[in-house]
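K.L.:
let me see the structure of the following:
(one chain, ligands or ions: 1)
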Amino acid sequence: MFKQIDLQRLVKEKLADYVFVVVSNRQPYIHTYVGDKIECSVPASGLTTALDPVMQACGGIWVAHGNGNADREVVDSKNRVSVPPESGSYKLKRVWLSEEEVDRYYLGFSNEAMWPLCHIVFQRPKFDDEDWYTYKNVNRRFADAVLDEIGNRKAFVFIQDYHLTLVSRLIKAKNPRAITAQFWHIPWPNREAFRVCPWQNEILYGLLGNDLLGFHIAYHRHNFLDTVDRALECRIDNEKFSVTHGNHTTYVRPFPISVDFESITERSQATEVEREMAAIKNKYGITDEIIGIGLDRIDYTKGIPERLMAIDQLLTKYPKYKFSKRVVFFQLGEPSRLKIKKYEDLNVEIERLIADINGRHETDGWRPIIYIKEHKSPVTLLAFNRLAHFCLVSSLHDGMNLVAKEFISSRLDGDGVLILSRFTGASRELEDALMINPFALEELAETIQAAIEMPEEQRRKRMDRLREKVREYNVYRWAADIITAMVDIK
Ligand code: GDG
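P.N.:
Predicted coordinates for the structure are as follows:
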């Protein structure tokens, strides 16, 4: 197994004379006022979950949008603060954006155009010229923040995701010694889907400014190369998986992202997690019920209504789960992007569905679905993971899905069943999960039934193999593979 210390060694050996910079829209730590005190917390995001342990190992600078209401209070004159608060292992440099910039660059272009464009969930993308114009300007602001730190020094800049497609070229125009890699955390759709974007060519050209471009799985890489092939005059090498455009070559590789398996396994054994498990059982009157969990940012790609409808179908078809062998399904989730109408509607739909399903099935004090619609601490999430008989990941489309890997990592007891959508990147690796098509409700309900009834021996065999996979390909391995690929290119 590849450890944090191995990654540290690799970075020291290979990148010693480089400044290491990560750039993303989302910041790994947010400072907010709670009363008149400032608190530092970790936002709900797969990207920051994965990259924070890597940065703690590598040190360096993370450039991101400062969106907390107390963020400005804690930074130095160069807008930097040391994080995590306990160890100060690396610097977080904050970029400030106006409300209008956030509306147009983040909510508008990134999340109403790019997000639905790349996730095939039949949500029409919205293309707005003003949003695109602001997106371009904000990408320049991020590039300037990076340049402010690296000057003309040698640097390895690791850019994240679909918010920052233009950053690489902007950095290189001023500092040609910078090496850039970009990781695409969401799916890349087929070329017919992507070509409807009016700014397709600018986006592709921007991404090809990178030396290395990473996707979670080979299928997304295939879609990307196919899109580029149709859209731009360039040379694609299908053996090396590279694109040469002008006189610059970009290598395109799959790197399945992961989690800090060891740390999650260890933290999930803590007494505070055990105390929290007891507190949850006590609060919700849980004794011998079968517990299911769903844990997501509230997003229309995650298939939350679909899983609730499947629970409904399960209870209708198998009434014993209401009477003799009761099931309680906890849906945990932090609402996100609420200023976008589709997200507001989704929140209303989920509330309505839960009220309806509970109303139809509840009996003497028992309710089948408990909805906890707020940000929870990592300790509480671990406690739910450990209490669960099954974890239900029903994304309609998902780049990877770290919730699935976190569930597996937390189960040192070797028990628990993962039900996993075939349309997640994670399904390519986690073959011992029970696979579902979240659009097929009956199949989904039957699979929940199979998870509940699965004999213990089979559950343990599957969980053992799942744990082995995540242990082997953990987040340090992911980062090390990217860094090694960069060093080879260099
Ligand atoms: C994107 C891609 C890809 C959730 N609620 C709370 C909370 N979370 C944490 C989970 C997990 C993370 O948020 C969600 O990660 P996912 O991977 O499931 O999803 P996205 O945020 O959509 O991430 C995805 C990922 O990037 C990485 O490349 O896997 O496909 O869409 O870590 O535990 N964390 C806390 N409180 C909550 O209430 N603390």
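
K.L.:
which parts of the stretch 101-250 of the chain are helices?
P.N.:
For the stretch 101-250 of the chain, the helices defined by DSSP state H, counting those that start in this stretch occupy 115-118, 129-150, 167-174, 191-194, 200-207, 218-231.

K.L.:
for the stretch 201-350 of the chain, what lies in contact range of the ligand?
P.N.:
Applying C-beta under 6 Å from any ligand atom, we find that the stretch 201-350 of the chain lies next to the ligand at Ile257, Leu295, Arg297, Glu334. Quick note: C-beta positions are derived from backbone N, CA and C, even for glycine.

K.L.:
among the residues you listed, which lie within strands?
P.N.:
Per DSSP state E, strands hold the following members of those: Leu295, Arg297, Glu334.

K.L.:
which single one of those residues is nearest to the ligand?
P.N.:
The shortest gap between the ligand and any of these belongs to Glu334, at 4.3 Å (C-beta to the nearest ligand atom).

K.L.:
on that earlier part again, quick one: buried ones out of the residues of the stretch 201-350 of the chain next to the ligand?
P.N.:
Listed as buried from these are Ile257, Leu295, Arg297, Glu334; burial here means 16 or more other C-beta atoms under 10 Å.

K.L.:
got the residues of the stretch 351-490 of the chain near the ligand?
P.N.:
By the rule C-beta under 6 Å from any ligand atom, the part of the stretch 351-490 of the chain lying against the ligand is His375, Lys376, Pro378, Leu381, Asp398, Gly399, Met400, Asn401, Leu402, Val403, Glu406.

K.L.:
now, the most widely separated pair of these?
P.N.:
Farthest apart among these by C-beta to C-beta are Lys376 and Gly399. That separation is 22.5 Å.

K.L.:
these two: who's more crowded?
P.N.:
Gly399 (27 against 17; other C-beta atoms under 10 Å).

K.L.:
can you name the residues in contact with stretch 224-244?
P.N.:
With contacts defined as C-beta atoms under 8 Å, 6 or more residues apart in numbering, stretch 224-244 is touched by 184, 188, 190-191, 194-195, 200-201, 204-205, 208, 213, 215, 221, 245, 249-253.

K.L.:
could you redo the last one with a cut-off of 7 Å?
P.N.:
For stretch 224-244, the surrounding residues in contact (C-beta atoms under 7 Å, 6 or more residues apart in numbering) are 188, 191, 194-195, 200-201, 204-205, 208, 215, 221, 245, 249-253.

K.L.:
what residues does the stretch 51-200 of the chain have near the ligand?
P.N.:
By C-beta under 6 Å from any ligand atom, the residues of the stretch 51-200 of the chain that approach the ligand are His185, Ile186.

K.L.:
where along the stretch 51-200 of the chain do the strands fall?
P.N.:
Counting by DSSP state E, counting those that start in this stretch, one finds strands in the stretch 51-200 of the chain at the ranges 61-65, 80-83, 90-95, 155-160, 178-183.

K.L.:
residue of this protein nearest the ligand, please.
P.N.:
The nearest approach of the chain to the ligand comes at Gly46, 2.6 Å away (C-beta to the nearest ligand atom).

K.L.:
for that residue, grab phi and psi.
P.N.:
Reported as degrees, to the nearest 10, the phi and psi values for Gly46 are phi -60, psi -40.

K.L.:
hang on, it packs against Lys405?
P.N.:
No - between Gly46 and Lys405 there is no contact under C-beta atoms under 7 Å: 9.7 Å.

K.L.:
more neighbours: these two, which one.
P.N.:
Each of Gly46 and Lys405 has its neighbours counted (other C-beta under 10 Å); Lys405 has more, 31 against 21.

K.L.:
surely the more buried one touches Ser258?
P.N.:
Yes - using C-beta under 7 Å, Lys405 makes contact with Ser258 at a distance of 5.9 Å.

K.L.:
shared neighbours, the two?
P.N.:
Common contacts of Lys405 and Ser258 (C-beta under 7 Å, 6+ apart): Val470.

K.L.:
confidence-wise, which helix or strand of the chain is lowest on average?
P.N.:
Scoring the helices and strands of the chain by mean pLDDT, DSSP states H and E places helix 46-58 at the bottom, with a mean of 84.

K.L.:
mind listing what's buried in that helix?
P.N.:
46-58.

K.L.:
distance to Tyr343 added to those residues, as CSV?
P.N.:
Output for these, formatted as CSV (distance: C-beta to C-beta, whole Å):
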residue, distance to Tyr343
Gly46, 17
Leu47, 18
Thr48, 19
Thr49, 21
Ala50, 23
Leu51, 24
Asp52, 25
Pro53, 29
Val54, 29
Met55, 29
Gln56, 31
Ala57, 34
Cys58, 34
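
K.L.:
the helices in the stretch 351-490 of the chain, which residues?
P.N.:
Secondary structure of the stretch 351-490 of the chain (DSSP H, counting those that start in this stretch): helices at 378-387, 402-410, 441-453, 456-472, 475-489.

K.L.:
can you list those in a markdown table and add distance to Ser427 and mean pLDDT?
P.N.:
Compiled in a markdown table, the helices of the stretch 351-490 of the chain are given as follows (distance: least, C-beta to C-beta, whole Å; pLDDT from 0 to 100):
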| stretch | distance to Ser427 | mean pLDDT |
| --- | --- | --- |
| helix 378-387 | 19 | 97 |
| helix 402-410 | 9 | 98 |
| helix 441-453 | 13 | 98 |
| helix 456-472 | 12 | 98 |
| helix 475-489 | 17 | 92 |
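
K.L.:
what's the most buried one of those?
P.N.:
helix 402-410 (a mean of 28; mean count of other C-beta atoms under 10 Å).

K.L.:
tell me what that one is packed against?
P.N.:
Under the contact criterion of 3 or more C-beta pairs under 7 Å, 6 or more residues apart in numbering; DSSP states H and E, helix 402-410 touches helix 46-58, helix 261-267, helix 378-387, strand 390-393, strand 417-421, helix 456-472.

K.L.:
ok now the fifth one, how far from the chain's centre?
P.N.:
If I follow you right, that is strand 417-421. Centroid separation for strand 417-421 versus its chain: 17 Å, with C-alpha atoms, centre = their mean, to the nearest Å.

K.L.:
can you name the residues in contact with it?
P.N.:
Here strand 417-421 has contacts from 303, 389-395, 398, 404, 407-408, 426-427, 430, 433-436, 438, 447-448, 451, 454, 459, 466, using C-beta under 7 Å, 6+ apart.

K.L.:
OK, contacts around Phe255?
P.N.:
Shown in contact with Phe255 (C-beta under 7 Å, 6+ apart): Gly214, Trp478, Asp481, Ile482.

K.L.:
these two touch, right, Ile483 and Glu13?
P.N.:
No - using C-beta under 7 Å, Ile483 is not in contact with Glu13; the gap is 10.0 Å.

K.L.:
relative orientation of the helix or strand hosting Thr316 and helix 441-453 in degrees?
P.N.:
Using DSSP states H and E, Thr316 falls within helix 304-317. Helix 304-317 runs at 70 degrees relative to helix 441-453, counting by axes from the mean of the first three to the mean of the last three C-alpha atoms, to 10 degrees.

K.L.:
what are the buried residues along helix 304-317?
P.N.:
For helix 304-317, by 16+ other C-beta under 10 Å, it's Ile304, Pro305, Glu306, Arg307, Leu308, Met309, Ala310, Ile311, Asp312, Gln313, Leu314, Leu315.
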